[in-house]
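Student: Attaching a predicted model along with its sequence, questions to come.
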Amino acid sequence: MKNAFGVLPTVLVLGGTSDIALALCRELARRGTRTIILAGRDADALAARAALLETQGPRVHTVPFDADDTEGHEAFMQESAERFGDLDLVVLAFGVLGEPRHLAASHAASVECVRTTFLGAVSVLHAAVRTLRGQGHGTVVVLSSAAARRPRPANYTYAAAKAGVDTYALGLAQSLGGTGVRIVLVRPGFVRTAMTAGLAAPPLATTAAAVAKETCRTLTSTKDVVWVPARVGWAVLLLQHLPAGILRRLPYS
């Protein structure tokens, strides 16, 4: 359980091979996290991430996890708690961005993006909250996106999937008063990672390290929603009120 200094002893990361997940784990390790469980599909990639993190001191375990295996999510969460004890923090860090032209042309790719990014996230978030409520405490960090609040022609499928997760997390968070369980929703703007490599970075682009630092600051505050960087939130608010004709003429629209 989190102590007075904000240390979260045991952290489960779903989507443990992502760059943001790695940066967040590094920041948590620096702050005293003792046990990190990296969950994902690619065992070799998880092992490589684990080796990097172990140099900072925590015990790091890797476990198989498939976001698309929704029927197995409740069992996965229960088994994780049985194996590792109370889970102080669960991080949802997976999603399928996809290449815009491929998504527009491929029905299968669009369905995969939505299935993993939305359905998979909702399924495991529901299961994670049930597990944390059973132990009486815990926090879930949901990595959403600024795209969830302001889609663009280049990312509308991904944006729609993230919008669904974002809305679900907001509603679920409001239902958890008095349970000891908290949801923190993180909405980064464009993040320079391996997933976005080759894409033109818009203004206010940020880094995985910046997202990690701001997320950790939020964990020790009373905020439940954070934009990274903060100016992205104001920019999205402004863009949401612009007429569609003007939006279409803007760069990075």
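Tutor: Happy to help now that I have it.
Student: What segments of the stretch 1-150 of the chain are helices?
Tutor: Per DSSP state H, counting those that start in this stretch, the stretch 1-150 of the chain carries helices over the ranges 19-30, 43-54, 73-84, 100-105, 107-114, 121-135.
Student: List the pairing partners of the strand ranked longest in the chain within its sheet, with orientation.
Tutor: If you go by DSSP state E, the chain has its longest strand at strand 181-188. Next to strand 181-188 in the sheet, as set by DSSP bridges, lie strand 138-143 (parallel), strand 225-228 (parallel).
Student: Only the buried residues of the last one, if you could.
Tutor: Right, strand 225-228. 225, 226, 227, 228 (16 or more other CB atoms under 10 Å). C-beta here means a position set from N, CA and C on the backbone, and glycine is covered the same way.
Student: Quick check, pLDDT for the third one.
Tutor: Going back to what we said before, that points to residue 227. pLDDT for residue 227: 91.
Student: Please name the nearest non-neighbouring residue to it.
Tutor: By the measure of CB to CB, 6 or more residues apart in numbering, the closest residue to residue 227 outside its immediate chain neighbours is residue 233, 3.5 Å from it.
Student: my read is that neighbour is in a helix, agree?
Tutor: Yes. Assessed by DSSP: H, G, I helix; E, B strand; the rest coil, residue 233 belongs to a helix.
Student: Show the contacting residues for it.
Tutor: 146, 187, 227 (CB atoms under 8 Å, 6 or more residues apart in numbering).
Student: cool, and residue 109?
Tutor: Per CB under 8 Å, 6+ apart, neighbours of residue 109: 98, 102, 103.
Student: quick one: the last one from residue 75, how far?
Tutor: Using CB to CB, to the nearest Å, one obtains 31 Å as the distance from residue 103 to residue 75.
Student: Which one's more surrounded, these two?
Tutor: Shown here are residue 103 and residue 75; by other CB atoms under 10 Å, residue 103 has more neighbours (23 against 11).
Student: What pLDDT is listed against the residue nearest the centre of the chain?
Tutor: Centroid-nearest residue in the chain: residue 143, 2.4 Å away (criterion: CA atoms, centre = their mean). On pLDDT, residue 143 comes in at 95.
Student: which residue sits closest to residue 179, ignoring its sequence neighbours?
Tutor: Distances taken as CB to CB, 6+ apart put residue 133 closest to residue 179, at 5.3 Å, once the chain neighbours are dropped.
Student: Tell me the helix or strand right after the longest strand of the chain.
Tutor: For strand 181-188, the following helix or strand on the C-terminal side (DSSP states H and E) is strand 191-192.
Student: That following strand: partners in the sheet, and parallel or antiparallel?
Tutor: strand 206-207 (parallel).
Student: Count the neighbours of residue 170 for me.
Tutor: Counted by other CB under 10 Å, the residues lying close to residue 170 total 15.
Student: can you give me the end-to-end distance of stretch 190-205?
Tutor: 5 Å (CA to CA, to the nearest Å).
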